[in-house]
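Enquirer: one predicted model, sequence on top.
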Amino acid sequence: MEKTQLEYRGEILYSFQIDNNINKYKLYIERVKGLALYDVIIIGGGPAGLTAAIYACRAGWKTLLIERGAFGGQAASTDLIENYPGFPEGISGPELMLNFYNQAVHFGCNFLTAEVNVLQSTNLTGKIKNVETNVGTVQGKTIILATGAQPRELGVKGEKEFRGRGVSYCATCDGFFFRNKKVAVIGGGDAAVKEALFLANIAREVVIIHRRDTFRADKVLGNKALAAPNIKVYWDTVVKEIAGERKISSLILHNVKTLATISEEVEGVFMYVGTQPNTAFLADHNSKNEQGYLLTDENLQLSITGVFAIGDCRRKKTRQVATAVGDGASVLAAVDEYLHSL
Ligand code: NAP
């Protein structure tokens, strides 16, 4: 049994007892006996991957889900999810993801904690596809890529130097360290505004720095932030530098309209300038766009037969838990059809 847990404010928010029932030894034995062949191999254990696992197992397919870290993806580090249907008061991301995971366990999904090495298209084109991981190779008749996305770096001076010492990409994880302090949130999308509202309950003051004069975020969220007494917004403003000695002391800000440059004192900076897909491991460049998002057809299939992509790692307009779940459920129709055709 392996344990994955998420701690927040000194409390254990969730703790997955992972029955890592496929270990290196078992993989070896299975390979020798020719048993390491799965109908469905899902790579990535966020909402999309876990949903696909539930559907695949319920359809009777021998299913393996490979995850390199904690289950639940980005949703597991979201404090409160208010727009996932079925929870009128909202639900904590870790709790929702734990439920997804338990449901996949309930329907008999096999789990492997491992890192997938480079996936060469030559290993994927045949009827039996090989997935090499750091603990051994597994084989699948179909592969579902559900590797999600991760926060994008802003790329300004001071960002790398102060990472983990004031620069953070996760308010749920690090907000606690800024109790009664002044912090900045960079970005104007859903994530930035949502996390600014979360931080406003902990920090003394939150300044949102946004490069345009309107939020990209949903209006309801945006209006909540504008009404919060301890949230201030700098519109049309970009960060030039994160400055400080041992710790962050200020941000150098530049107004793109007035061209004024000012210094704003803050002790923490939370980056929410979008995400980038976790697709570097897929060597097939024809299946990605220039940002690295995976290109799928209407069946969520890549240009390689029997290989599918779901959730935030694929090119699409909306990236929410509900849409990831939609992908995870929808992909099974095509997976089913393909497996029956073999
Ligand atoms: P996003 O929607 O792409 O927003 C990124 C924000 O960062 C935008 O405001 C963008 O500015 C800004 N930005 C990007 N590059 C920048 C740069 N170089 N310098 C300064 N600002 C920059 O990303 P997200 O907020 O992470 O959301 C990703 C997806 O997850 C979206 O589909 C979102 O709806 C979803 N999501 C939903 C929720 C929810 O509760 N419903 C919560 C989190 C995320 P511009 O606006 O000028 O482009």
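Expert: In hand now; what should we look at?

Enquirer: give me phi/psi at residue 296?
Expert: With angles defined as degrees, to the nearest 10, residue 296 sits at phi -120, psi 160.

Enquirer: my guess is it contacts residue 309, does it?
Expert: Yes - judged on Cβ atoms under 8 Å, residue 296 makes contact with residue 309 at a distance of 5.1 Å. Any C-beta I mention is one placed from the backbone N, CA and C, and that applies to glycine too.

Enquirer: so what's the most centrally placed residue in the chain up against?
Expert: For the chain, the residue nearest the mean C-alpha position is residue 74 (3.4 Å; Cα atoms, centre = their mean). Residue 74 is in contact with 46, 148-150, 275, 312, counting by Cβ atoms under 8 Å, 6 or more residues apart in numbering.

Enquirer: give me the three-state assignment for it.
Expert: helix (DSSP: H, G, I helix; E, B strand; the rest coil).

Enquirer: ok, now residue 51?
Expert: Look at residue 51: counting by three-state DSSP, its state is helix.

Enquirer: from the ligand, how far off is it?
Expert: Distance of residue 51 to the ligand, computed by Cβ to the nearest ligand atom, to the nearest Å: 17 Å.

Enquirer: give me the element the closest residue in space to that residue that isn't next to it in sequence is part of.
Expert: Sequence neighbours aside, residue 328 is the residue nearest to residue 51 in space, at 2.8 Å (criterion: Cβ to Cβ, 6 or more residues apart in numbering). Element membership of residue 328 [criterion: DSSP states H and E] is helix 321-341.

Enquirer: how far off centre is that helix?
Expert: 19 Å (Cα atoms, centre = their mean, to the nearest Å).

Enquirer: contact partners for the residue of the stretch 51-200 of the chain at minimum distance from the ligand?
Expert: Of the residues in the stretch 51-200 of the chain, the one nearest the ligand is residue 189, at a distance of 2.3 Å by Cβ to the nearest ligand atom. Applying Cβ under 8 Å, 6+ apart, we find residue 189 in contact with 215-217, 272-274.

Enquirer: follow-up on the earlier one: considering only the contacts of residue 74, which also neighbour the ligand?
Expert: Among those, the ones lying near the ligand by Cβ under 6 Å from any ligand atom are residue 275.

Enquirer: the contacts of residue 74: which two are farthest apart?
Expert: Using Cβ to Cβ, the two most remote members of these are 46 and 275, lying 12.0 Å apart.

Enquirer: which parts of the stretch 51-200 of the chain sit against the ligand?
Expert: Residues of the stretch 51-200 of the chain lying near the ligand by Cβ under 6 Å from any ligand atom: 83, 154, 187-192, 194.

Enquirer: show me where the stretch 201-342 of the chain has its strands.
Expert: For the stretch 201-342 of the chain, applying DSSP state E, counting those that start in this stretch gives strands covering 205-209, 231-234, 237-244, 248-255, 261-265, 268-271, 275-277, 307-309.

Enquirer: would you single out the least confident of these?
Expert: Ranked by mean pLDDT, the strands of the stretch 201-342 of the chain bottom out at strand 275-277, with a mean of 94.

Enquirer: contacts for that one, please.
Expert: Residues outside strand 275-277 that contact it (Cβ under 8 Å, 6+ apart): 74, 147-152, 291-294, 312-314, 319.

Enquirer: check the offset of that strand from the chain's centre.
Expert: Centroid displacement of strand 275-277 relative to its chain, using Cα atoms, centre = their mean, is 8 Å.

Enquirer: cool, stretch 95-109 as well?
Expert: 17 Å.

Enquirer: what is the rounded mean pLDDT of it?
Expert: Summarised as a single mean, pLDDT over stretch 95-109 is 94.

Enquirer: give the buried residues for that stretch.
Expert: Residues 96-98, 100-101, 103-105, 109 are the ones in stretch 95-109 that count as buried (16 or more other Cβ atoms under 10 Å).

Enquirer: what's the closest of those residues to residue 51?
Expert: Nearest to residue 51 among the buried residues of stretch 95-109, counting by Cβ to Cβ, is residue 100 at 6.9 Å.

Enquirer: for the residue nearest to that closest one when sequence neighbours are not counted, report the pLDDT, please.
Expert: Among residues not flanking residue 100 along the chain, residue 50 sits closest, at 4.1 Å (Cβ to Cβ, 6+ apart). pLDDT recorded at residue 50 is 98.

Enquirer: for residue 121, same thing?
Expert: 86.

Enquirer: please apply the same query to residue 24.
Expert: Looking at residue 24, its pLDDT is 51.

Enquirer: for the longest strand along the chain, the averaged confidence score.
Expert: Assignment by DSSP state E gives strand 136-145 as the longest strand of the chain. Averaged over strand 136-145, pLDDT sits at 94.

Enquirer: and that strand, how far out from the chain middle?
Expert: Using Cα atoms, centre = their mean, the offset of strand 136-145 from its chain centre is 21 Å.

Enquirer: next, the angle from it to helix 321-341.
Expert: Here strand 136-145 runs at an angle of 110 degrees relative to helix 321-341 (axes from the mean of the first three to the mean of the last three Cα atoms, to 10 degrees).

Enquirer: pull out the buried positions in stretch 170-180.
Expert: 170-172, 174-175, 178.
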